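**Q** any chance you can model this:
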Amino acid sequence: MQNGDWEDRVAALWDSLDEHGRDDFHTAMKKLCAELPEGTAEADFELAAAYDSTGYPERAVPLYGKALETGLEGERRRRAVIQLASSLRNLGRPDISVTMLTDERARGHDRLSDAVDAVLALALADTGREREGLSLALTALAPHLPRYQRSMKNYARALLEKPEGTDEG
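**A** Numbering: from 1, shown residues only. This is a model prediction of the structure:
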């Protein structure tokens, strides 16, 4: 983790995202990232996220990969996996996204687990596994509902059972 001042300035820039044009936001993020030594995982991640959040997933993908290879840790690492998988899905590679997010789910549960499941549900739908994706989304949603949690979990499980009238095994 970098120093608190840098982290605070990055957070402030993200908070002001909607006040910037795309190019201005990229320039401001590049300037902040240049304050850290080249190849710093956190800087690569933040610049990747800046590109990704402004509609340039093709620029973000290599930077996410570099950040992960360089040893990004903690919550940023998990965010990088989620965001990289989402970008790959958006670039027509949902198969890789499914693999990445399935592996990420196996790493354990935390406050980003529902985000992992949400992106995985989209990727599953893009690979023709819509029922599995919907089941995953309902399972993630159920605990947040004020009522009907048990019913939603049961419906989610039922989606994974063989649909009536099919010969599939």
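
**Q** in this structure, which helix is the longest?
**A** Scanning the chain for the helix with the most residues, using DSSP state H, yields helix 74-90.

**Q** name the helices or strands packed onto it?
**A** Counting contacts by 3 or more CB pairs under 8 Å, 6 or more residues apart in numbering; DSSP states H and E, helix 74-90 is packed against helix 41-53, helix 57-70, helix 94-106, helix 113-126. C-beta here means a position set from N, CA and C on the backbone, and glycine is covered the same way.

**Q** a markdown table please, covering these and showing mean pLDDT and mean neighbour count.
**A** What follows is those, written out as a markdown table (pLDDT from 0 to 100; neighbours: other CB atoms under 10 Å):
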| stretch | mean pLDDT | mean neighbour count |
| --- | --- | --- |
| helix 41-53 | 97 | 23 |
| helix 57-70 | 97 | 18 |
| helix 94-106 | 98 | 18 |
| helix 113-126 | 97 | 21 |
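
**Q** dump the ones you listed to CSV, plus distance to Ala11.
**A** Formatted as CSV, the helices and strands packed on helix 74-90 follow (distance: least, CB to CB, whole Å):
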stretch, distance to Ala11
helix 41-53, 10
helix 57-70, 18
helix 94-106, 24
helix 113-126, 18
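
**Q** and the contacts of the strand or helix carrying Ala158?
**A** In this structure, Ala158 sits in helix 149-159 according to DSSP states H and E. Identification of contacts with helix 149-159 by CB atoms under 8 Å, 6 or more residues apart in numbering yields Arg131, Glu132, Leu134, Ser135, Leu136, Leu138, Thr139, Leu141, Ala142, Pro143, Leu145.

**Q** go again with 6 Å.
**A** Defining contact as CB atoms under 6 Å, 6 or more residues apart in numbering, one finds that helix 149-159 is touched by Arg131, Leu134, Ser135, Leu138, Thr139, Ala142.

**Q** so which bits of it are buried?
**A** Going by neighbour count (16 or more other CB atoms under 10 Å), the buried part of helix 149-159 is Met152, Lys153, Ala156, Leu159.

**Q** what is the mean pLDDT for that helix?
**A** For helix 149-159, mean pLDDT rounds to 94.

**Q** measure Glu161 to Ser151 for me?
**A** Using CB to CB, to the nearest Å, Glu161 is found at 16 Å from Ser151.
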